[in-house]
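S.K.: 3D, please:
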Amino acid sequence: MKRVTQVGSVLMLGLVLLGLSACSSTGANQIPQITIKASDYAFEAPAQVEAGLASIVIENQGQEPHHAQLVRLNDGVSMEQFQAALQQGPEAALPLVTLDGGPGVVPPGKSQRVTVRLSPGQYVLLCLVPSADGVPHLAKGMMAPMQVVEAKNPAQVQVPQADGTARLLDFSFVLPANVKAGQQVWTIANEGQQPHELALVRLADGKTMQDVAAFMQAPNGPPPFEDAGGMQGIDPGETAWLNLDLQPGNYVALCHIPDPASGKAHEELGMVMPFSVN
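M.R.: Residues are numbered from 1 along each chain as shown. Below is the predicted model of the structure:
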């Protein structure tokens, strides 16, 4: 009788462990993934996704650098209104949307993962990277609508476990100290009063931050850096998460978003920070 009881206890324990395993495979740590394939000059992405935490991955299948900025149209704003505002410039378009982040600029053949929180509404994917001719990819047709709907069965998901935090201020960065090479996750927190992004570039050998600034002012020839991903623009008070796989070297963090008052990019107002990865 005692042996039967022991066997029953073992079977019960096994069932409990199987139940825990099933919960862990579909529960708290499983953030839904949305894959965006970028080419020259188009996005391939789901037309509809569910609201909540989402892991957004861009795969650059083109021959030029690309990113994916997610913007949510403000309630009552149509795609036609937004497209018309884009023709007038960022000063006209930005008030019509909220910025919800997205994977930063990656070179051809590379990918970038970020985690953001999506709200129900009409979104648009944009690539604002300029080609060698100076024309932004957006003007070449690189935009795509994406509808975010209420989740039918909201999952109990947890935010990614971060190795450090990058704070975005007006107009500066506070980055994690002693950044090490390899895979890591950063929490990206916009603590400023304006939208901000965290664009990362890795300097070419022998190049400096001054070389980057000069190239940004007057692009000519090959850039003195390689794009290293990052987090696209997020609105004030918002938080997102950035997956990185950093190689040793010298990097620069920048924010290209324009200041409404002056029209200058935030990088011109001091939002530039060099750092080293060991």
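S.K.: Correct me if wrong: Gln33 contacts Val57.
M.R.: Yes. In this structure, Gln33 sits in contact with Val57. The criterion is C-beta atoms under 8 Å, and the distance is 6.2 Å. The C-beta positions use only the backbone N, C-alpha and C, and glycine is treated the same way.
S.K.: Let me see the ranges of the strands in the stretch 151-278 of the chain.
M.R.: 164-169, 172-174, 182-190, 196-203, 225-234, 239-246, 249-254, 272-277 (DSSP state E, counting those that start in this stretch).
S.K.: right, and those - which one's nearest Tyr123?
M.R.: Between Tyr123 and those, the tightest spacing by C-beta to C-beta is seen for strand 225-234, at 12.5 Å.
S.K.: next one: the closest one to chain centre, how far?
M.R.: What separates the centre of strand 225-234 from the centre of its chain is 8 Å, taken as C-alpha atoms, centre = their mean, to the nearest Å.
S.K.: and His66, which of the strands of the stretch 151-278 of the chain is closest to it?
M.R.: Going through the strands of the stretch 151-278 of the chain one by one, with C-beta to C-beta as the measure, strand 225-234 comes closest at 9.3 Å.
S.K.: quick one: buried residues of the closest one?
M.R.: Of the residues in strand 225-234, those with enough neighbours to count as buried (16 or more other C-beta atoms under 10 Å) are Phe225, Glu226, Asp227, Ala228, Gly229, Gly230, Met231, Gln232, Gly233, Ile234.
S.K.: Please verify my assumption that the fifth one contacts Gly102.
M.R.: I take that to be Gly229. No. Counting by C-beta under 8 Å, Gly229 does not reach Gly102; the two are 10.9 Å apart.
S.K.: could I get the strands of the stretch 151-278 of the chain as TSV with distance to Ala85?
M.R.: Converted to TSV, those look like this (distance: least, C-beta to C-beta, whole Å):
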stretch	distance to Ala85
strand 164-169	24
strand 172-174	29
strand 182-190	22
strand 196-203	20
strand 225-234	16
strand 239-246	24
strand 249-254	25
strand 272-277	28
